Structures are given as C-alpha cells and as structure tokens.
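Student: would you be able to build a 3D model of this:
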Amino acid sequence: MLSAFARIIYWGHVLESLIQAADAIGVQVDDATTERFRRYRQLLIEWGSHTNLTAIKDPEAIIEQLFIRSFRIAVQAGGSVTTAGWFDGRRIIDIGSGAGIPGLPLKLILPEADVTLLEANRKKCDFMDHVVADLGLDGIHVINERAEIAAHFANHRESYDLATARVVAKLPVLAEYTLPFLKQGGVAVLPKGPDTQAVQTEADDAAYAADEMGAAPAIIQAVAHPGTSPTDHMVYWLKIRPTSDRYPRRVGIPSKRPLAVA
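Tutor: Numbers count the residues shown, from 1 in each chain. Got it, this is the predicted structure:
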C-alpha cells in the first residue's frame, strides 16, 4: 500500500504523462480535466471488481493503454498532426465502446466535440452512464443498441464526422459497422495492431466492403505517439458517397458473412 505522500508523487508522474500526451495533439489540459481522468480511472477500478469492463486492471496501464492510447485517434484525423481545433463542434461515434474507450478519453480532451458511445451490453452502458453523470459531462450520449440497428435510425445514420471502434473485429466487418454512420466527408479511424503487413492484408480484404459503404480506398498510417504503447496502424476511410439503405445488414450478419468479392 502506497503512503499518502507516495500516492501524490505517483499521480504527479502519471499526470505529467497525460499532459504531455495531450500536448502532442495540440490540447492544453487543465486541472479540472486531470481530476476527471483520475476519477474515471478510479471508477474503472471500482466497477471492474464486479463488472467485466476491460482486461486491463493495472492503474498505470489504464492511463497509458486506455486513456493516452485513445488520444491517437485524434492524430491526423483532420489531416494534420495537431488536430484539436478540427474537433470543435464535430460529431463523433465510438462503436462498441465498452468501458468508454476511446470515446470518453477523447471527450475529456476535446470538450467541444459531441460524442456518442454506442454499446450493446447493458451493464457496460450502466457504467458509462454513471461515469458521464459522475464527471458532470455535457455533449456525450450513451446508447444501448447494436450498430446494425442504430445505423438505420434517422438521427444517427450518415450524421457523424468521425466514427471509430476498438472492438475486436476484422476490417470488412468494421466497414459495415462504422461507415453507414458517417456523413459524406466524414472519416472512419480504426486502430489496428503493429504488424504492417497484416494490417495491409486486412485492409485489402476490406476494400470491397468499404467501397460498398461509400468510402474511398483506405489510407494506413503508423501512429506510435502519443504514449509508449506499441505502435498502432490507423486505418482511415473517407466517406465519399451515401451508403445504400440495405446496409448494415441484420444483426449478426456482418460478422457471420463479411462482405467480400464473390
């Protein structure tokens, strides 16, 4: 058990990492925001003792692998490394948000963005609702629904500027989950692993699905910062055409029968 003094020193170290990571994407973090991150981490640990929220339990790993790594979604999303201003007034949807990752950390550093956290699991939605209320956040919405259903709602379909998802699914599936939510000119930003060739192969396999959803060919960018987590390869899909009303298909079909050239 750390002493009170040691906890202060430890949190100061963690706080500095958060501040530096946010600064790397052009965001100045104030004391109120750092306190919200501290409280969010505390809630993750408390709720994680009785609810399956995330496999990451270590307090420092929560900061590095969940919070700071989420900031990478903002890197180049607006076409440049420093993109904080691009997010002002933008609508973001985080699909399969789970414990709120990456949508909640993005909301904390980009308060002018309007963020939707879409999650099919009711208990995880209860957790996110609790966090939003506890932190006193505005402009953030928790939706308990499947992506295949929510993407056909008029107030969500082709309404977002950015869609992201950290759910474990292949890109052909993620194309059908994310792209119907985007307006023309919107972008899907999907973090994948450090293996360059594997990500390229997966993107090639998803080319047909992405085109069916109205996206331009994928751009893949290695993003190693901010933070010290392993390199992510971000897959960017720009929405250039409307998505046909037949997509996404019925619940479960995108994952069971991913779109591919016959």
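Student: closest to the centroid, which residue in this protein?
Tutor: residue 102 (3.4 Å; C-alpha atoms, centre = their mean).
Student: just checking, it touches residue 74?
Tutor: No - Residue 102 is beyond contact range of residue 74, at 9.2 Å (criterion: C-beta atoms under 8 Å). Heads up, the C-betas are built off the backbone N, CA and C, glycines and all.
Student: just the helices in the stretch 151-262 of the chain please.
Tutor: Remark: helices assigned in the stretch 151-262 of the chain by DSSP state H, counting those that start in this stretch are 171-178, 196-205, 207-212, 253-256.
Student: redo the ones you listed as a markdown table? Include mean neighbour count.
Tutor: Shown next, in a markdown table, are the helices of the stretch 151-262 of the chain (neighbours: other C-beta atoms under 10 Å):
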| stretch | mean neighbour count |
| --- | --- |
| helix 171-178 | 27 |
| helix 196-205 | 15 |
| helix 207-212 | 20 |
| helix 253-256 | 15 |
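Student: now those helices as a markdown table including mean pLDDT?
Tutor: Listed next are these as a markdown table, based on pLDDT from 0 to 100:
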| stretch | mean pLDDT |
| --- | --- |
| helix 171-178 | 98 |
| helix 196-205 | 96 |
| helix 207-212 | 98 |
| helix 253-256 | 97 |
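Student: any idea of the pLDDT on the residue nearest to the centre of the chain?
Tutor: Looking at residue 102, its pLDDT is 97.
Student: can you check what angle separates the strand ranked longest in the chain from helix 196-205?
Tutor: When the chain is parsed with DSSP state E, its longest strand is strand 182-192. Going by axes from the mean of the first three to the mean of the last three C-alpha atoms, to 10 degrees, strand 182-192 is angled at 150 degrees with respect to helix 196-205.
Student: partner strands of strand 182-192 and their direction?
Tutor: strand 160-164 (parallel), strand 232-238 (antiparallel) (DSSP bridges).
Student: can you give me the strands for the stretch 51-200 of the chain?
Tutor: For the stretch 51-200 of the chain, the strands defined by DSSP state E, counting those that start in this stretch cover 91-95, 114-119, 140-144, 160-164, 182-192.
Student: for those strands, which one ends up most surrounded?
Tutor: Neighbour counts (mean count of other C-beta atoms under 10 Å) averaged over each of those peak at strand 91-95, with a mean of 27.
Student: who touches that strand?
Tutor: Here strand 91-95 makes contact (C-beta atoms under 8 Å, 6 or more residues apart in numbering) with 100-103, 106, 113-118, 147, 156, 159-167, 177-178, 181.
Student: name the helix or strand of the chain that has the lowest mean pLDDT.
Tutor: Ranking every helix and strand in the chain by mean pLDDT, DSSP states H and E puts helix 4-24 at the bottom, with a mean of 71.
Student: the helix or strand following that one packs against which elements?
Tutor: Next helix or strand after helix 4-24 toward the C-terminus (DSSP states H and E): helix 31-48. Contacting helix 31-48 under the criterion 3 or more C-beta pairs under 8 Å, 6 or more residues apart in numbering; DSSP states H and E are the following elements: helix 4-24, helix 103-109, helix 122-135.
Student: what angle do the last one and strand 91-95 make?
Tutor: Right, helix 122-135. 140 degrees.
Student: okay, now the unreliable bits of the stretch 51-200 of the chain?
Tutor: 77-84 (pLDDT under 70).
Student: now with 80, please.
Tutor: Within the stretch 51-200 of the chain, the stretches with pLDDT under 80 are 76-86, 168.
Student: hang on, the earlier thing: any chance of the strands of the stretch 51-200 of the chain in TSV, plus distance to residue 244?
Tutor: Below are these laid out as TSV (distance: least, C-beta to C-beta, whole Å):
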stretch	distance to residue 244
strand 91-95	19
strand 114-119	21
strand 140-144	23
strand 160-164	17
strand 182-192	14
